[in-house]
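>>> no sequence on this one, just coordinates:
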């Protein structure tokens, strides 16, 4: 491994050194970046009149007492908000003493924190070294401890010529004792995690080492382990490049994989290029497949419906892979949209954005991923972009929801049949009652209840693909969902979709084979604002879009109700649960519903 550092690490998407002068010229060329910097400057003006938030015991204990995360996390992330603002503004205005003073103070405050971990991720049994094999609290490494170290290391690199020696020494000392030493000294479960943790933690630690470790021998030891760890994240992606955790964890985990891979390639002078892999290229295209129009994604697993591409990451991936779609700049995240205020993606939104390129609308496509058992498709119907997604898989996926056979329909970027996405994170959300929550259990998804049973949460609860084919304009997907339900009387259950998006229609056909009589409830989930019931037809309306559900009135008893749930941001929202109820079914039964986009 060639570790001779001759090329600069802090470069743009074309590999050119990103000085503050070049950054200013880029800003002058881009109305988007000008708006971005104005928002950043206004935020800094506000922060200069506020004290650094305190991380007190009461807020920390709130999570231990009732599982509430926000009391501690809000001031924790507010500190990172200050770090971002003053680090970036000082980079752009290197002689501004006010920015420098505020940056120095927040750097010192973060170095003073008892732990860089969040309470939800901290092992308190070993927090005071009660166990011989587990580290003290300050030595534990979670996502945010690793991110914090990466942020401080990169800011150190950006500002070392103007930073007081005491703060520089403190940053190096804290990163070494909190992250680099414990990384080598202790076992960490996330090192072999096939999800975002391995990419974020190992990627961030590798980035720290690249910036700060002077000894080639020690650097080699750290990087070798980091490369091994991020390989597990890569394994967690399907061979087709699908991130089963959902789009936002693609942004998160895949993003940090790329940040590390970019720095590693520079540090090894191109000898190690983790991005130059067919699977990574396929994963880079996941973003353009999962968007269902405008700023809306197919939000399975712990994702949320409204999303914004990260500008810098999108431009970087497009520069590496021409087949990666470049999204419209106005759809991309503005400054401050990240509630965790992560420095790595924030600074790259500035330095990786190519102002000479303008993105385009999301392309219409049809993408079926057999390994993930995921269908994502968009098409134009009467000047509207229609989106559809359906998923199989299994009910033990990372950030799993019990959602086998669940599907969504979108009209012009508005979900008409919806997924509630990620709920509000708390201790209970990741505990034993997870699947009692509407956001996570099958009762909060467009799947049936058979014999009063919901879907199971286990690896064996899995789907299998019977068929996916095209017949002229129609596409057909058939999934066997029998194993999703633990019911002795259920011999088989298959679900078929017949898509003709170019004509605005989706037909659903459910086939049940039952040994003995069981009730069946066909549930459809929608965030529609208005519901209109007509004979054999239900009309869902949301904003300027509407969808009709045609059904056989004589077969079903219809029950429409509204329930509330907590969104990922902790806001209460109403969802419409549409139940078609059949009190008794036996033998071989087939039921169909037609979903028609209203013009």
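Cool, the structure landed. None of the values given here were measured: they were computed from a predicted structure.
>>> low-confidence ranges in the stretch 101-250 of the chain?
The stretch 101-250 of the chain contains residues with pLDDT under 70 at 126-135.
>>> what do you get if the cut-off is 80, keeping everything else the same?
124-135 (pLDDT under 80).
>>> can you give me the domain boundaries for the protein?
Residue ranges for the domains of the chain, per automatic domain parsing: 20-351, 365-597.
>>> need those domains in JSON lines (columns: distance to residue 359 and mean neighbour count).
From N, CA and C alone the C-beta is placed, and that goes for glycine too. Output for the domains of the chain, formatted as JSON lines (distance: least, Cβ to Cβ, whole Å; neighbours: other Cβ atoms under 10 Å):
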{"stretch": "domain 20-351", "distance to residue 359": "4", "mean neighbour count": "19"}
{"stretch": "domain 365-597", "distance to residue 359": "16", "mean neighbour count": "18"}
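>>> quick one: the ones you listed as CSV, columns for distance to residue 10 too.
Shown next, in CSV, are the domains of the chain (distance: least, Cβ to Cβ, whole Å):
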stretch, distance to residue 10
domain 20-351, 6
domain 365-597, 32
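>>> which stretches of the stretch 301-450 of the chain form helices?
Secondary structure of the stretch 301-450 of the chain by DSSP state H, counting those that start in this stretch: the helices cover 311-320, 343-351.
>>> could I get those helices in TSV, plus columns for mean pLDDT and distance to residue 145?
Output for the helices of the stretch 301-450 of the chain, formatted as TSV (pLDDT from 0 to 100; distance: least, Cβ to Cβ, whole Å):
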stretch	mean pLDDT	distance to residue 145
helix 311-320	96	22
helix 343-351	95	14
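>>> which one of these lies nearest to residue 105?
helix 343-351 (16.5 Å; Cβ to Cβ).
>>> looking at the helices of the stretch 301-450 of the chain, which is nearest to residue 152?
Closest among the helices of the stretch 301-450 of the chain, using Cβ to Cβ: helix 343-351, at 8.6 Å.
>>> which neighbouring elements make contact with the closest one?
helix 20-29, helix 31-47, helix 70-92, helix 143-159, helix 255-267, helix 311-320 (3 or more Cβ pairs under 8 Å, 6 or more residues apart in numbering; DSSP states H and E).
>>> how far does it sit from its chain's centre?
17 Å (Cα atoms, centre = their mean, to the nearest Å).
>>> ok and that helix relative to helix 31-47, angle-wise?
Angle, helix 343-351 to helix 31-47, by axes from the mean of the first three to the mean of the last three Cα atoms, to 10 degrees: 140 degrees.
>>> what does helix 343-351 contact?
For helix 343-351, contacts defined as Cβ atoms under 8 Å, 6 or more residues apart in numbering pick out 10-13, 18, 23, 26-27, 33, 36, 80, 83-84, 87-88, 91, 147, 150-151, 154-155, 204, 207, 251, 255-256, 259, 310-313, 316, 332-333, 335, 338.
>>> about what we covered before: what would the helices of the stretch 301-450 of the chain look like in TSV with distance to residue 226?
Listed next are the helices of the stretch 301-450 of the chain as TSV, based on distance: least, Cβ to Cβ, whole Å:
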stretch	distance to residue 226
helix 311-320	20
helix 343-351	15
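>>> which stretch among those comes nearest residue 497?
helix 311-320 (30.3 Å).
>>> distance between the closest one and the chain's centre?
Distance, stretch centre to chain centre, for helix 311-320: 17 Å (Cα atoms, centre = their mean).
>>> so what does it touch, helix or strand wise?
helix 255-267, helix 343-351.
>>> closest one to residue 192 among the helices of the stretch 301-450 of the chain?
Nearest to residue 192 among the helices of the stretch 301-450 of the chain is helix 343-351; the distance by Cβ to Cβ comes to 22.8 Å.
>>> and the angle from that closest one to helix 143-159?
On the basis of the same axes, to 10 degrees, helix 343-351 is oriented at 40 degrees to helix 143-159.
>>> quick one: helix 343-351 to helix 70-92, angle?
Inter-element angle recorded for helix 343-351 and helix 70-92: 40 degrees (by the same axes, to 10 degrees).
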